[in-house]
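**Q** output the structure for:
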Amino acid sequence: MTKVNIVYPGLKFKYALDPPPSKVVYLVQHHMAHKTWGIHEVHDFHKNRGWNGIGYNWWIGFDGTIYEGRGFHYGAGVEGHNHDSLHVGYQGDFTQQKMTDAQLASGIALNIWLMEKYPSAKVVGHKELASTSCPGQYFRMAELIQGVSRKEGEPVSNQTRDINIVSPWAASSWEAATKKGYFDGTRPGAPITREEAAVLIMRMEKKK
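**A** Next comes the predicted model:
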C-alpha cells in the first residue's frame, strides 16, 4: 500500500461536507490559475464565490506538500462531473508557470494512492471534461500519467523505474541540489557511476 503524508490545514467550511461520490470515475487535476495563492487563499476565494469552501479534495503546494481540502467528501471542481470525480488542485498558474518537480512527485504519489482505493478511476485534466484550459499548458500531465501508470496488480515496489522521474521522498532534496549546481537536473533516478561521483565531488569542492 502506498503511503502519502497529508497535512490537515484546519479549514473551516460553512456547513457539513457531503459524503463522497458512490462511484469515482475520474481523478481530476486542476491548477488555481493564480501564481501565488496557497490553500487558505483558495479556500477563502471559493467561499466568497458562495461555495462551502475549497472545491478541491486535495491541494499540492509548490514544495510538494499535500494538503487535505475536502478529502473523501463530495468535491466541487467540474460541473456535471462532481458526482463521479475527486479533485486534486495544484498551486500555481500553469498557463505561465511550470509545475515544480516536488509537485509532480507528490501528484504521482497521491494519484497512485487514490487509484489503489479506486482502481478503475482515470487520471485526467479538467479540460478533458469541460471547456477550459485548466490545468494549463505547463502542467506536466504526460509525466504524471507515466508515473502513475503501472501494470494491473503489480506492487509499486516491483515497477520498472523511470529514471527521468524523481521519487517523492527525494523531490525536495533533488530540486535543491540541482539549483545549487551539483546536478544538471536530468535522470534523477539513474544509478551513479564512479566517474559521475567524481564530477559531483569536484562540483561540491568548488562550492566550498
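**Q** helices along this protein, start to end?
**A** 39-48, 101-117, 141-148, 171-179, 194-207 (DSSP state H).
**Q** what angle separates the third one from helix 101-117?
**A** With axes from the mean of the first three to the mean of the last three C-alpha atoms, to 10 degrees as the criterion, the two stretches helix 141-148 and helix 101-117 enclose an angle of 50 degrees.
**Q** how far is helix 141-148 from where the chain is centred?
**A** 10 Å (C-alpha atoms, centre = their mean, to the nearest Å).
**Q** which of the residues in that helix are buried?
**A** 141, 143-145, 147-148 (16 or more other C-beta atoms under 10 Å). Every residue, glycine included, has its C-beta placed from N, CA and C.
**Q** I'd like those as TSV, with distance to residue 63 and pLDDT appended.
**A** Shown next, in TSV, are these (distance: C-beta to C-beta, whole Å; pLDDT from 0 to 100):
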residue	distance to residue 63	pLDDT
141	20	91
143	18	91
144	17	93
145	23	92
147	18	90
148	21	90
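**Q** same list (these) but as CSV, adding distance to residue 96.
**A** Formatted as CSV, these follow (distance: C-beta to C-beta, whole Å):
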residue, distance to residue 96
141, 16
143, 19
144, 19
145, 22
147, 23
148, 25
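**Q** not including adjacent chain positions, what is the nearest residue to the residue nearest the centre of the chain?
**A** With distances taken as C-alpha atoms, centre = their mean, residue 107 lies nearest the centre of the chain, 2.2 Å away. Residue nearest to residue 107 in three dimensions, not counting chain neighbours: residue 144, with 5.4 Å by C-beta to C-beta, 6 or more residues apart in numbering.
**Q** isn't the one you found up against residue 108?
**A** Yes: Residue 144 is within contact range of residue 108, at 6.0 Å (criterion: C-beta atoms under 8 Å).
**Q** could you list the low-confidence segments of this protein?
**A** 1-2, 150-162, 167-169, 208 (pLDDT under 70).
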